[in-house]
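Student: Generate a structure from the sequence data that follows.
(one chain, ligands or ions: 1)
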Amino acid sequence: MRLQNKVIIVTGSTTGIGKAIALRCVAEGARVVIHGLEQNLGDDVVKTIGKEKAALHIEDISAAGSPQRLVNKALDAFGKIDAVVNNAALVVSSDIQSTDEAFFKNVLNINTIAPFLLIQSALPHLKKTKGCVLNIGSVNAWSGEPNLLAYSVSKGALMTMTRNLGDTLHREAGVRVNQINPGWVLTENETQRKKDHGLPTDWYTKLSKVYAPAGRILKPEEIAAAAIYWLADESGPISGQVVDLEQHPFIGRNPPKDSSSIDR
Ligand SMILES: NC(=O)c1ccc[n+]([C@@H]2O[C@H](COP(=O)([O-])OP(=O)(O)OC[C@H]3O[C@@H](n4cnc5c(N)ncnc54)[C@H](O)[C@@H]3O)[C@@H](O)[C@H]2O)c1
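Tutor: Below is the predicted model of the structure:
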């Protein structure tokens, strides 16, 4: 019960990592606002948790006024806000040729600006509870895969925002801001995305040890377990931190270039 009596907004919690974080928050004693685009999936999550511990808000986070309405939903349902998890994101492929202006702006609106606006809207309420923010970035924030150009830039900007606000808001408002950068996680949508990109149906069972030393990629529950530490009072005054959660170091890595990693 590390989150006893806390009220937590988890964006993008109708599925995947967000859903796993929301379920784990409730298991640790919190009440949650489930949020995302899919009404049916959201209804299922609320049913699993129970209406006394979960409220549902289905809306595009990039729509005008949407972050404030999400905050209002939490206040109407539970009367306060202890934490915001900015997890919702548009995970889309693009490169220098395919990233046009409208596409780029849409990715930034959803992945970077909407999290900022949600923090801004929640701030008066987080101040009252000495609450915190957890942003869910990506290891792609550091540079990113070639075909994840706009997405990687959006997560890099989110990471700078975490460090900037993690300093300012902590000093000025007593509100901590931290970030988890997940590595490769096997969510329902990630399973499908890779199939759409031409990989075989069972792609996740046949990964090179370069990407998956454990023989598998991460589970959403493993990201959720780490999220609890940052949302709980046990992380104390720590703020402005960005933690990579991958099964190998990301920065500075230099994997072997031999028969263990290169197909002949
Ligand atoms: N799966 C991975 O391998 C991986 C790796 C690194 C980082 N991440 C990050 O983790 C987070 C969750 O990823 P996931 O794989 O679980 O995603 P997912 O695609 O399974 O779920 C995305 C969630 O966000 C919501 N969402 C998307 N666009 C939205 C919008 N415009 N308005 C409101 N809600 C919206 C969806 O409804 C859904 O609930 C994202 O921030 C993603 O960038 C994922």
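
Student: Might you report the residue contacts of the nearest residue to residue 88 once chain neighbours are set aside?
Tutor: Closest residue in space to residue 88, ignoring its immediate chain neighbours: residue 12 at 3.0 Å, by C-beta to C-beta, 6 or more residues apart in numbering. For every residue, glycine as well, the C-beta is placed using N, CA and C. Residues near residue 12 by C-beta atoms under 8 Å, 6 or more residues apart in numbering: 18, 35, 36, 61, 87, 88, 89.

Student: 6 Å instead, please
Tutor: The contact partners of residue 12, by C-beta atoms under 6 Å, 6 or more residues apart in numbering, come to 18, 36, 87, 88.

Student: Just the ones in strands from those residues, please.
Tutor: Judged by DSSP state E, the contacts of residue 12 include residue 36 as members of strands.

Student: Now do stretch 197-205, average pLDDT.
Tutor: Average pLDDT, stretch 197-205: 93.

Student: Can you give me the first-to-last residue distance of that stretch?
Tutor: Start-to-end span of stretch 197-205 (C-alpha to C-alpha, to the nearest Å) is 16 Å.

Student: Same check on stretch 194-204?
Tutor: Counting by C-alpha to C-alpha, you get 9 Å between the two ends of stretch 194-204.

Student: Run through who's touching that stretch.
Tutor: The contact list for stretch 194-204, computed with C-beta under 6 Å, 6+ apart, reads residue 186.

Student: Show me the strands in the stretch 51-200 of the chain, by range?
Tutor: 54-58, 83-86, 132-136, 176-182 (DSSP state E, counting those that start in this stretch).

Student: Do the third one and the ligand come into contact?
Tutor: Same thing as strand 132-136. Yes. Applying C-beta under 6 Å from any ligand atom, one finds strand 132-136 touching the ligand at residue 136.

Student: which strands and helices sit next to that strand?
Tutor: When contacts are defined as 3 or more C-beta pairs under 6 Å, 6 or more residues apart in numbering; DSSP states H and E, strand 132-136 packs onto strand 83-86, strand 176-182, helix 220-231.

Student: Spell out which parts of this protein neighbour the ligand.
Tutor: 12-18, 36-38, 60-62, 87-91, 110, 136, 138, 182, 184-185, 187, 189-190.

Student: switch to 5 Å and redo it
Tutor: Taking C-beta under 5 Å from any ligand atom as the contact definition, the chain meets the ligand at 12, 14-17, 36-37, 60-61, 87-89, 110, 136, 138, 182, 184-185, 187, 189-190.
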